[in-house]
Every structure is written in C-alpha cells, then in structure tokens.
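K.L.:
Here you go, sequence then predicted model.
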Amino acid sequence: MSEPPSTDSVITVHPLPVPTGSRVDFGAQLCNADLENISAADFDVICNALYTHQLIVFKDQASLSPKAQYHLTRLFDPESDVYGHGKAVGAKSVLHPDLKTIPHQPQVQVIGNGHVASFEGLENIQLKHPHHRSFHRDPVPEREDRTATRFYRWHIDAALYGLDPPKVTSLLAVRVPKTENQLLCYDDGSGDVLSVPRGSTVFASSYKMYDLLSEEDKKFVRGTKVSYAPHPYTWMANAKSRPDGLGMVSEGLELERSSLPEIDDSMIKIYPMCWKNPKTGKLALQVHPSAVQELHLEDGSVIDDLEKVREIVHRLQRPGIAPDLVYAVDWDEGDLALFNNHGVLHSVTGSFLPEEVRIFRQCNLAASEPPLEP
C-alpha cells in the first residue's frame, strides 16, 4: 500500500471535479507546486498522488521549461532517458504525422494543430491534430464534423516493440483554441454519447476495467499474456479502427511480416493483461487494443486468430469506457497533466480547422523495466 506523503512539502492535492452522475473515481489537481525546483518532499507528494489518482493536473504552468518537464517525467523512472517510441518513428507508422521533436530536449515532442512559425527551436512547422477520419473505417459524415466526434484511438503510450512502456506521460497545454463542445458518438450500436470539449484528451481507468469484470474473466486476465505485433504502428498502417476507437476492425489489411521493417524476434513484446500498481497493489487491465496480435493463455495454449483475439479484448475492455466512466480534460493554457501510463487508457478526440492553432508539449520515456506483473 502507498506510504503517506512527506509533510515537508507545501503541495496540496484536491480531487478533480466530475459531472453529476459520473462514476469517474480518479484524477486530482495539485496546487502550490514549483515544478522548476522539485524537492524530494515535493516529489514524494507528486508520486503518491499520481499512483493514487492516476491522472494529476497542475494549473498555470505556461512558463515551465522543456528541461523541467523532462526532469519531472524522468523522476518517476530515473534509469530511463529515451523517448518512449525511440529515436525515430518510421515514415509508414500511423504515428509519423503527429510528432515533432524539440531539438534541445529530444525527449520532449510537440503536438497540436496548425502552422507555427517558431517554437522551442523548431521553425516553420505544420502540426496536425489526429482526426478519426484518417484511422476509422466508418467516420462521422463530413457535414457533421464540427458538431460530432469520436475517440480517435484508445491506447497506452508505448512502442510495444523493443522498448518497455513509459511509466508516466506528461502533457503541457501551451496554446489552446477554446471553441464549442462536440458530441462524442460511440456509434457501436449502444447509443452511447458523451459531450466533450473540442480537442479534449479523454481518460479511462484500467483499474476500473478490471474491477468491472466477472470473477471468471478476472481469473482469465490474471493468467493471460498479450503478444503485440512487431513494429505495431507500421503493421496496422492500412487497417482501420472500430467506431468506438477501442481496437481494430479485422479485414486482413495488416501488413505481412515480409512488408515490415527488419524484425528481431527478441524485441517482440509479450506482457501480462494485468499490470500492478507499484503503490497500491491494485490490478489494471492494461492492454493496447489496436496493437494486439496473440493471446497466450495460462494453460500454454495460444489464440492466434486475430479477429477472435480482438473480440475477446474488446469484450473485456468495453465496459470500462462507458460515458460515465470517461474523464474528458477541458484544457486551459498552462495546464500540465501527468498520467499513470500503466494504469489508464487515453485517447485524442475532436477536430480543428486549419487556422485553429493548438500547441502541446508531450514527454514520456521508455521504461527501464517491464510493467509489474500480478
């Protein structure tokens, strides 16, 4: 169980407000933090808050330097120092259009939307907010694009090949265009919808996903491991997502092994379906649903029928993204969010016009060790 934080810090922890009727039980705002000068006592409070609340937000951090953002992120795993997806993202990867690296702090990426003349040593860059139309098989009709949206892709920040998943991701909102809300439509036959601020980052608790399972399913996920595709973001480049963003449609469009970059089988990642919280010991059903390829069962058998694998994972995870379990961050400029990348799933939402400029800084570092097993 978590230890009580040090009393030598002035940082205070407050639950994030949630809408009436929400079942969201995670998230906190931390106040009075000087993130350019973090003491050991400060980090004790921050670390305990992160692993207790999974998502923590600091307001008014517009002046935070990329170096300090990197330093704060690295404190959670001092042995790590490489950006979570490595030094390069392949040109065919579905991640390729979304990332710009800060030259003087290469562990920190710039994401957003629109043309930016100059930012942190980057000149004349074009940022592109990920739009679900580029990834979903059946997108929202273009005529409804301003009012309706989807979960772009529920995911963990992780290379899932060669590198272990970062423990923590930090996101700093530098420039945020404030516009009307959008109606997020699951479009999966459930009738589920969710009102979200345009461009909100949404989170769902993987601990809640586990807790919602039947006892039979809990036993199954505790004993099952997931094998991820080699070079998963290139492997899935031609495939398309389900309308709820929780995994892929199986149409045989994944790239064949011979069409992928050179594969080292020792770098293929196989992880438990459940990851243990290092402070509380709670179990999270933590699976990247778009990158799964096989399930390795406790009895030694392997499910390698991709459509069946995806159906199993979707059935297990879908209850955890019910509208009243999703937290949508309404970003203000200067907001810094940190989240437990081993305990939540998250997704981009929304769309922006080309002239709507949005700038965020993101930092996560490939972990120095695999996730904690049950």
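P.N.:
Yep, that arrived.
K.L.:
which residues of the chain fall in helices?
P.N.:
40-53, 66-75, 206-211, 215-223, 232-235, 306-317 (DSSP state H).
K.L.:
Can I get the ones you listed in TSV including distance to Leu345, mean neighbour count and mean pLDDT?
P.N.:
Any C-beta I mention is one placed from the backbone N, CA and C, and that applies to glycine too. Formatted as TSV, those follow (distance: least, C-beta to C-beta, whole Å; neighbours: other C-beta atoms under 10 Å; pLDDT from 0 to 100):
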stretch	distance to Leu345	mean neighbour count	mean pLDDT
helix 40-53	16	20	98
helix 66-75	19	20	98
helix 206-211	6	23	98
helix 215-223	15	15	98
helix 232-235	16	23	96
helix 306-317	8	18	98
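K.L.:
Need these in a markdown table (columns: distance to Ser118).
P.N.:
A markdown table is the format used below for the helices of the chain (distance: least, C-beta to C-beta, whole Å):
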| stretch | distance to Ser118 |
| --- | --- |
| helix 40-53 | 32 |
| helix 66-75 | 14 |
| helix 206-211 | 39 |
| helix 215-223 | 48 |
| helix 232-235 | 29 |
| helix 306-317 | 41 |
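K.L.:
can you tell me which of those comes nearest to Lys279?
P.N.:
Closest to Lys279 of those, according to C-beta to C-beta: helix 40-53, at 3.7 Å.
K.L.:
and the angle for that closest one with helix 66-75?
P.N.:
60 degrees (axes from the mean of the first three to the mean of the last three C-alpha atoms, to 10 degrees).
K.L.:
Remind me what helix 40-53 packs against, helices and strands.
P.N.:
The elements that helix 40-53 packs onto, with contact taken as 3 or more C-beta pairs under 8 Å, 6 or more residues apart in numbering; DSSP states H and E, are strand 12-15, strand 28-31, strand 55-58, helix 66-75, strand 336-340.
K.L.:
so what's the nearest residue to His296 once chain neighbours are set aside up against?
P.N.:
Spatial nearest neighbour of His296, excluding adjacent residues (C-beta to C-beta, 6 or more residues apart in numbering): Lys225 at 4.3 Å. Shown in contact with Lys225 (C-beta atoms under 8 Å, 6 or more residues apart in numbering): 270-273, 295-296.
K.L.:
try 7 Å
P.N.:
270-273, 296 (C-beta atoms under 7 Å, 6 or more residues apart in numbering).
K.L.:
Same check on Ala366?
P.N.:
Going by C-beta under 7 Å, 6+ apart, the list of residues near Ala366 reads 80, 82, 84, 159, 163-164, 166.
K.L.:
What of Pro374?
P.N.:
Contacts of Pro374 by C-beta under 7 Å, 6+ apart are 222, 272, 274, 276, 283.
K.L.:
does the second one really touch Leu372, like I thought?
P.N.:
Right, the one you point to is Pro272. No. Between Pro272 and Leu372 there is no contact under C-beta atoms under 7 Å: 8.9 Å.
K.L.:
picking up where we left off before, among the helices of the chain, which is nearest Gly334?
P.N.:
Per C-beta to C-beta, nearest to Gly334 of the helices of the chain: helix 66-75, 12.5 Å.
K.L.:
I'd like to check the angle between that closest one and strand 336-340, please.
P.N.:
20 degrees.
K.L.:
how close does Thr192 get to Ile321?
P.N.:
Let me fix one detail, which is that residue 192 is Asp and not Thr. 9 Å (C-beta to C-beta, to the nearest Å).
K.L.:
who's more crowded, those two?
P.N.:
Ile321 (24 against 17; other C-beta atoms under 10 Å).
K.L.:
Give me the contact list for the lowest-mean-pLDDT helix or strand in the chain.
P.N.:
Of all helical and strand segments in the chain, the minimum by mean pLDDT, DSSP states H and E falls on strand 100-101, at a mean of 92. Where contact means C-beta under 7 Å, 6+ apart, the residues beyond strand 100-101 that reach it are 109-110, 122, 125, 127.
K.L.:
mind checking pLDDT for the nearest residue to His104 once chain neighbours are set aside?
P.N.:
Using C-beta to C-beta, 6+ apart and skipping the chain neighbours, the partner closest in space to His104 is Gly121 (5.5 Å). Confidence at Gly121, expressed as pLDDT, is 96.
K.L.:
Equivalent analysis for the one 5 residues further on, please.
P.N.:
For Gln126, the pLDDT comes out at 94.
K.L.:
The closest residue to it other than its chain neighbours: neighbouring residues, count only.
P.N.:
Counting by C-beta to C-beta, 6+ apart, the nearest residue to Gln126 once its immediate chain neighbours are dropped is His115, at 5.5 Å. By other C-beta under 10 Å, the residues close to His115 number 11.
K.L.:
separation between Val108 and Asn364?
P.N.:
10 Å.
K.L.:
Looking at those two, which is more packed in?
P.N.:
Neighbours per residue, other C-beta under 10 Å: of Val108 and Asn364, the larger number sits with Asn364, 27 against 22.
K.L.:
residue contacts, Pro289?
P.N.:
With C-beta under 7 Å, 6+ apart, Pro289 has these contacts: 154, 246-247, 313-314, 317.
K.L.:
and of the helices of the chain, who's closest to Pro15?
P.N.:
Across the helices of the chain, closest to Pro15 is helix 40-53 (C-beta to C-beta), at 7.5 Å.
K.L.:
and Pro278, how many neighbours?
P.N.:
For Pro278, using other C-beta under 10 Å, the count is 16.
K.L.:
Next: the one 5 residues further on.
P.N.:
Leu283 sits with 25 neighbouring residues when counted by other C-beta under 10 Å.
K.L.:
hey, what's it bridged with?
P.N.:
Lys276 (DSSP bridges).
K.L.:
so what's it up against?
P.N.:
210, 274, 276, 374.
K.L.:
do that again at 10 Å, thanks
P.N.:
Leu283 sits next to 206-207, 209-211, 213, 218, 221-222, 272-277, 343, 372-374 when contact means C-beta atoms under 10 Å, 6 or more residues apart in numbering.
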